[in-house]
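*Asks:* 3D, please:
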Amino acid sequence: MTTTVPSLPAAYFEALYAGDPDPWDFRTSDYEAAKYAATLAALPRPRYAAALEVGCSIGVLTKMLAPRCDRLLAIDGSARALATARRDCGPLPGLAFEQREVPRQWPAGRFDLILLSEVIYYWDAEDLDRVAGQCRRA
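*Replies:* Prediction:
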């Protein structure tokens, strides 16, 4: 018998951030800092017209990515995480935050960069397939 673990809902992450505003130590972890540097170095272009960051969390990577984008839409399912991201990123040109639970609330529009950093393993196979299709269309 095979059991399928469902995608984690936004409420799971909201509760996580209620207990700890930086549950993965994004601000202080050497591992996370190295991962962010590697992520940015791996981007094939120096600048993007329209980017989407799915699962922006508290905005640590968002703040580093925004200067490379004319427009950056950073989304997360957690209102608490987004409040921190908005506060910490401040008013950066072209940066917008929205609370969305992907894949059910995929944003409209076209993007020349879609970043899915540290999020896909929270989705079940069906949702992962949906996100892949959404990425292709966007």
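*Asks:* What number of residues are in the vicinity of I120?
*Replies:* Neighbourhood size, I120 [other C-beta atoms under 10 Å]: 13. C-beta: built from backbone N, CA, C; applies to glycine.
*Asks:* gap between the residue lying closest to it once chain neighbours are set aside and A37?
*Replies:* In space, I120 comes closest to L128 once its chain neighbours are excluded; the distance is 6.1 Å by C-beta to C-beta, 6 or more residues apart in numbering. If you measure L128 against A37 using C-beta to C-beta, to the nearest Å, the figure is 26 Å.
*Asks:* So if I had to pick from these two, which one is more boxed in?
*Replies:* Using other C-beta under 10 Å as the criterion, L128 and A37 rank with L128 on top: 16 against 11.
*Asks:* Tell me how far the more buried one lies from L61.
*Replies:* In this view, L128 and L61 are 21 Å apart by C-beta to C-beta.
*Asks:* For this structure, give me the ranges with low pLDDT.
*Replies:* Along the chain, the model assigns pLDDT under 70 to residues 1-3.
*Asks:* Tell me who's in contact with the residue nearest the centre of the chain.
*Replies:* Central residue of the chain (C-alpha atoms, centre = their mean): G55, 2.3 Å from the mean position. Contacts for G55 were tallied using C-beta atoms under 8 Å, 6 or more residues apart in numbering; they are I75, D76, G77, V102, L116, S117, E118, V119, Y122.
*Asks:* Dump those residues to a markdown table, plus secondary structure and distance to R136.
*Replies:* A markdown table is the format used below for these (DSSP: H, G, I helix; E, B strand; the rest coil; distance: C-beta to C-beta, whole Å):
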| residue | secondary structure | distance to R136 |
| --- | --- | --- |
| I75 | strand | 18 |
| D76 | strand | 22 |
| G77 | coil | 22 |
| V102 | coil | 14 |
| L116 | coil | 13 |
| S117 | coil | 18 |
| E118 | coil | 21 |
| V119 | coil | 17 |
| Y122 | helix | 20 |
